[in-house]
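Chemist: Dropping the sequence and predicted coords here.
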Number of protein chains: 4
Amino acid sequence: SKYEYVKDFEVEDNLMPHTWIVIRIDGRGFTKFSQAHRFQKPNDMDALLLMNAAAVTVVEDMADVVFAYGVSDEYSFVLRKTSTLYQRRASKLISVVCSLFASSYVMNWSKFFPNTTLQCAPAFDGRAVCYPSESILRDYLSWRQVDCHINNQYNTCFWNLVGSGKSTAEAQNILKGTTADVKNNILFDTFNINYNDLPQIFRKGSSIYRKKVERVVKVEDVSGREIKRLKSCVVVEHEDIIRESFWTNNPHILGGK
Amino acid sequence: SKYEYVKDFEVEDNLMPHTWIVIRIDGRGFTKFSQAHRFQKPNDMDALLLMNAAAVTVVEDMADVVFAYGVSDEYSFVLRKTSTLYQRRASKLISVVCSLFASSYVMNWSKFFPNTTLQCAPAFDGRAVCYPSESILRDYLSWRQVDCHINNQYNTCFWNLVGSGKSTAEAQNILKGTTADVKNNILFDTFNINYNDLPQIFRKGSSIYRKKVERVVKVEDVSGREIKRLKSCVVVEHEDIIRESFWTNNPHILGGK
Amino acid sequence: SKYEYVKDFEVEDNLMPHTWIVIRIDGRGFTKFSQAHRFQKPNDMDALLLMNAAAVTVVEDMADVVFAYGVSDEYSFVLRKTSTLYQRRASKLISVVCSLFASSYVMNWSKFFPNTTLQCAPAFDGRAVCYPSESILRDYLSWRQVDCHINNQYNTCFWNLVGSGKSTAEAQNILKGTTADVKNNILFDTFNINYNDLPQIFRKGSSIYRKKVERVVKVEDVSGREIKRLKSCVVVEHEDIIRESFWTNNPHILGGK
Amino acid sequence: SKYEYVKDFEVEDNLMPHTWIVIRIDGRGFTKFSQAHRFQKPNDMDALLLMNAAAVTVVEDMADVVFAYGVSDEYSFVLRKTSTLYQRRASKLISVVCSLFASSYVMNWSKFFPNTTLQCAPAFDGRAVCYPSESILRDYLSWRQVDCHINNQYNTCFWNLVGSGKSTAEAQNILKGTTADVKNNILFDTFNINYNDLPQIFRKGSSIYRKKVERVVKVEDVSGREIKRLKSCVVVEHEDIIRESFWTNNPHILGGK
Ligand SMILES: Nc1nc2c(ncn2[C@H]2C[C@H](O)[C@@H](COP(=O)(O)OP(=O)(O)OP(=O)(O)O)O2)c(=O)[nH]1
Ligand SMILES: Nc1nc2c(ncn2[C@H]2C[C@H](O)[C@@H](COP(=O)(O)OP(=O)(O)OP(=O)(O)O)O2)c(=O)[nH]1
Ligand SMILES: Nc1nc2c(ncn2[C@H]2C[C@H](O)[C@@H](COP(=O)(O)OP(=O)(O)OP(=O)(O)O)O2)c(=O)[nH]1
Ligand SMILES: Nc1nc2c(ncn2[C@H]2C[C@H](O)[C@@H](COP(=O)(O)OP(=O)(O)OP(=O)(O)O)O2)c(=O)[nH]1
Ligand SMILES: O=P(O)(O)OP(=O)(O)OP(=O)(O)O
Ligand SMILES: O=P(O)(O)OP(=O)(O)OP(=O)(O)O
Ligand SMILES: O=P(O)(O)OP(=O)(O)OP(=O)(O)O
Ligand SMILES: O=P(O)(O)OP(=O)(O)OP(=O)(O)O
Ligand SMILES: [Mg+2]
Ligand SMILES: [Mg+2]
Ligand SMILES: [Mg+2]
Ligand SMILES: [Mg+2]
Ligand SMILES: [Mg+2]
Ligand SMILES: [Mg+2]
Ligand SMILES: [Mg+2]
Ligand SMILES: [Mg+2]
Ligand SMILES: [Mg+2]
Ligand SMILES: [Mg+2]
Ligand SMILES: [Mg+2]
Ligand SMILES: [Mg+2]
């Protein structure tokens, strides 16, 4: 039609080839959302597992996502360097990841919150960032895991202090400017909590990736012998991804074609 | 942390000020999705009403969306020219609209499809386009509505032909290169369908916008007299938005501050 | 060759259609450049005329440039809204304008500075900015002309004070926070300068555009009668371009197709 | 002033950090320009040396340019990976390089063409391209040098054929689809030209970079003994930059901080 010229106003937004693409999404207004649904403080295990379930949907759906890392209300999805998914168009990638995640979050809600009605439609903002080398990509992931650690340590102290009767202002004051060591001591001395005994999912966040796992694919009729095959499975782990060893143990994650 | 430099790789994507922003979203792979959920052909009223319900969520949530237009598996959301929502950052706008729409779509699913289980997490791609003048913006909306009309006319003929026993190849052949008039005649002569009698939602798509509507806000105790007020309500209509008259009758839609 | 894939790293940078494109260029390090070539302070008439000569080269060379405005070491070139020059690719437009201007600046140097050797190769930075409406475009031009006025008034005071024996620090101090009126009074009372008598090129900058001018195109052999024709000429003026009247008197500049 | 809001329409165009930036410039309309100034065909030594002189100006002026490669009417300037010149703003980099090159080209014109008047202001288009790794950057440079070789071989054959009396159509026909070997044979058999004896600047293009060179910095008064120091000098060479050896012999070019 004579109106078709309006399509010329669309702008190309292809991301640079041969770079690692990270799509990071983050819950919109989850401060309010977590209160409205009475998430446990500072960490709600069900809320985190629901985030992970939604992220698994994304990883399983999009073969080019080789790694995902989640903490709090956010998730980062790493596309392999050579991906040409949607011709690397930023808005396509961002929108599909965000909407797929949101759909799956809602679809899985009742599994993790069987007794809580979903009050409103959750939304997630998203962005695409390119990283030119594996080393900088790993710095990106380290940045998120350090953030997880720092926030978790602070929040654990904060909510225990508040739980023990301090006002939020008092708790803030006590923690202001304290080092990691001091925070660990407060936890141990005052609340008898050994920080390292907290669930790893709280301290390390969640990593999702594919792993070759031995699976029984058939059981022989007569002998009952199990036939096993290496199958590629999506796994959710809570490892330290800052350390070199994680990556040397899993060279296929970033090293794949 | 020493890793924070990775944030510098994020790219600014603010859209040009003082232009109309359109966020157009479109169902990913809805050819397959509509089959999997047995949508009626060519138009499934429930599927369209579900799209509208999700779009209403977006319009009600985002005050800067002054108009939305939907057809098939797509929806366009128009932000007012002076909007500074998310500082006009394209990825924020696209991702929030798409994920909010997707969440709401899933949350409303069972209302419109009480007997059909949602098989998989639906996703929507999204893009942001800027239009520098009201006149070009209206051409954009006309473009979508002309598309609605052309596709609907073709599809109505096509599926009636197929329903009457033709193969899809035969139906295609019959319609190849035919004008609008010829298509209307096929419908009338062969299937006794007057195209203009089809539901307006199929022929014109759906427009969502705010309207001052008189509403009863109180009923006086004794007299039973109704107190009415003009309230701004989000309405869903199926009007011709190509014609001048729609816009002169609703000057507040694009004319608001 | 097998190396051709590197071309895929080039990024599209087409500017939004149907908007006014402004290419603004600015002399790199002209504080130093003007000293090295002993430009008169605060305004060097030859330096300004040389800038104008270079700008005329650009306007004459590029038919889509409908207006240019210059002051100090900068020039703005306005391309008509419908221009498709270089498919509106920003880097093409910026680079061609800047390099053409620079070439012409050097080629014309000796005409305006016959006794001064050009010490080093001058460079100009450039940028492209789009404006969605005529009204905002005019605000852009007004912005530059207001800047011209404010700087010129300040600099004229400043250099007269310095010329009269004040140190630069003293001059700065005297002018700090003064209004336009006060500055005019200083000029008048102390230096007997009526600001409005200064050359208009200093106070208003330079505007370049095409004008239909009556030109003698032929002189008849016998009668000596002159045959005149309206010809489109590039002219350099120093008018007030903030006032409405300039634009109503010259509707063809922005109103042309 | 109240007009300052127009500055908000400027768009950020910072190039991705930690990538190699290449600014490639190319003479605008040099087919015509080379004819107007009677450049020798297919290669005009003076024209090439003038290009090199202009490029040296750029390399000497901009410390972050670590390498430049030129052929025909084009030049590529490579900025080191960590450069933050102009905060990596694309339009600043492109415009300054292009205008500086153009100025210098005009300033040096009479040195290389003492008997030819410069007819018009030369212009150069420019673009910025980022390369995420050294290996892809080297593929970029190889791409340009392969192009140089292929064009030069073809053009040398073509103009020799034309010089020997063939029409341009005949020459084109003879060369259509021929391999490198066949072209070399035509040169040798028909024109007695050994391709490898042609000046290296024609066959390999020109590379500009910094080299530590031993220079006499002082001569002792009495003894006449020369004191030498390693100084960093900008050199122009015509080497093979596709081969590994060039880069292993000059590790400082891309390896510098
Ligand atoms: N109680 C509780 N709150 C959580 C949990 N995970 C995340 N949140 C809350 C804590 C924070 O207020 C919020 C995440 O912070 P953000 O910086 O993303 O802020 P928010 O989502 O409110 O705003 P945004 O739209 O992202 O700018 O979500 C959890 O497991 N339990
Ligand atoms: N049966 C039925 N199908 C519909 C209805 N609305 C949309 N669809 C289907 C028809 C088309 O195959 C599809 C929309 O076409 P698209 O061009 O958006 O293609 P699709 O979503 O398959 O791929 P995409 O991911 O958008 O490139 O959705 C409906 O009401 N009934
Ligand atoms: N004496 C004299 N100086 C002038 C004249 N026109 C411009 N200039 C000088 C005054 C300013 O120092 C300089 C223009 O200011 P800019 O803000 O463009 O700074 P500059 O070019 O030094 O740095 P830049 O590379 O643009 O960031 O040029 C003139 O007619 N006479
Ligand atoms: N005779 C002669 N011509 C040369 C020499 N170096 C370059 N040229 C000419 C040959 C080509 O026609 C032209 C370079 O080709 P381009 O693809 O850059 O085309 P041109 O500059 O005409 O157009 P453009 O504005 O770059 O699209 O310059 C030379 O040394 N001698
Ligand atoms: O969202 P935050 O607060 O973690 O920080 P940000 O990502 O820098 O902010 P924004 O979401 O506005 O990009
Ligand atoms: O999605 P289509 O087929 O309507 O057409 P498009 O929008 O031009 O294609 P894309 O979704 O790839 O931008
Ligand atoms: O160049 P200035 O100082 O007039 O101001 P600017 O244009 O905002 O700065 P930049 O040249 O860095 O874009
Ligand atoms: O300029 P060319 O012909 O070598 O090829 P290009 O660079 O692909 O074309 P353009 O200058 O239009 O980007
Ligand atoms: Mg944020
Ligand atoms: Mg959040
Ligand atoms: Mg968050
Ligand atoms: Mg599409
Ligand atoms: Mg679709
Ligand atoms: Mg569609
Ligand atoms: Mg500046
Ligand atoms: Mg300057
Ligand atoms: Mg300036
Ligand atoms: Mg080119
Ligand atoms: Mg050229
Ligand atoms: Mg060329």
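Modeler: Cool, the structure landed. Ligands and ions are numbered 1, 2, ... in the order given.
Chemist: When you work out contacts or count neighbours from here on, use the C-alpha atoms and nothing else.
Modeler: Fine.
Chemist: For the residue in the stretch 1-150 of chain A positioned nearest to chain D, give me its contacts.
Modeler: Residue nearest to chain D within the stretch 1-150 of chain A (Cα to the nearest Cα): residue A:132, separated by 5.0 Å. For residue A:132, the contacting residues are A:18, A:19, A:20, D:18, D:19, D:132, D:133, by Cα atoms under 8 Å, 6 or more residues apart in numbering or on different chains.
Chemist: Tell me who's in contact with the fourth one.
Modeler: Residue D:18 sits next to A:132, D:81, D:82, D:132 when contact means Cα under 8 Å, 6+ apart.
Chemist: contacting residues around residue A:67?
Modeler: Contact partners of residue A:67, counting by Cα under 8 Å, 6+ apart, are A:59, A:77, A:78, A:79, A:207, A:208, A:209, A:210, A:253.
Chemist: Which strand residues bridge it?
Modeler: Under the criterion DSSP bridges, residue A:67 forms beta bridges with residue A:78.
Chemist: Quick check: the closest residue to residue A:43 other than its chain neighbours vs residue B:250, distance?
Modeler: Nearest residue to residue A:43, sequence neighbours excluded (Cα to Cα, 6 or more residues apart in numbering or on different chains): residue A:202, at 6.9 Å. Residue A:202 sits at a distance of 53 Å from residue B:250 (criterion: Cα to Cα, to the nearest Å).
Chemist: So which of these two has more stuff around it?
Modeler: Taking other Cα atoms under 10 Å in any protein chain shown, residue A:202 and residue B:250 do not tie; residue A:202 has more neighbours (22 against 13).
Chemist: now for the host helix or strand of that one, which elements pack on it?
Modeler: Element membership of residue A:202, judged by DSSP states H and E, is helix A:200-204. Packing contacts for helix A:200-204, counted by 3 or more Cα pairs under 8 Å, 6 or more residues apart in numbering or on different chains; DSSP states H and E, involve helix A:134-163.
Chemist: could you point out which element follows the helix it packs on?
Modeler: Next along the chain after helix A:134-163, taking DSSP H and E as the criterion, comes helix A:168-175.
Chemist: roughly how far out does that following helix sit from the chain middle?
Modeler: 29 Å (Cα atoms, centre = their mean, to the nearest Å).
Chemist: I'd like the next helix or strand past that helix.
Modeler: Past helix A:168-175, the next helix or strand by DSSP H and E is helix A:180-185.
Chemist: same for the helix or strand following that next one, what does it pack against?
Modeler: Counting by DSSP H and E, the next helix or strand C-terminal to helix A:180-185 is helix A:191. Judged by 3+ Cα pairs under 8 Å, 6+ apart, helix A:191 is in contact with no other helix or strand.
Chemist: which residues touch stretch A:214-224?
Modeler: Applying Cα under 8 Å, 6+ apart, the set of residues contacting stretch A:214-224 from outside is A:225, A:226, A:227, A:228, A:229, A:230, A:231.
Chemist: Find the nearest non-adjacent residue to the fourth one, please.
Modeler: Closest residue in space to residue A:228, ignoring its immediate chain neighbours: residue A:216 at 4.3 Å, by Cα to Cα, 6+ apart.
Chemist: per-residue confidence at that neighbour?
Modeler: On pLDDT, residue A:216 comes in at 90.
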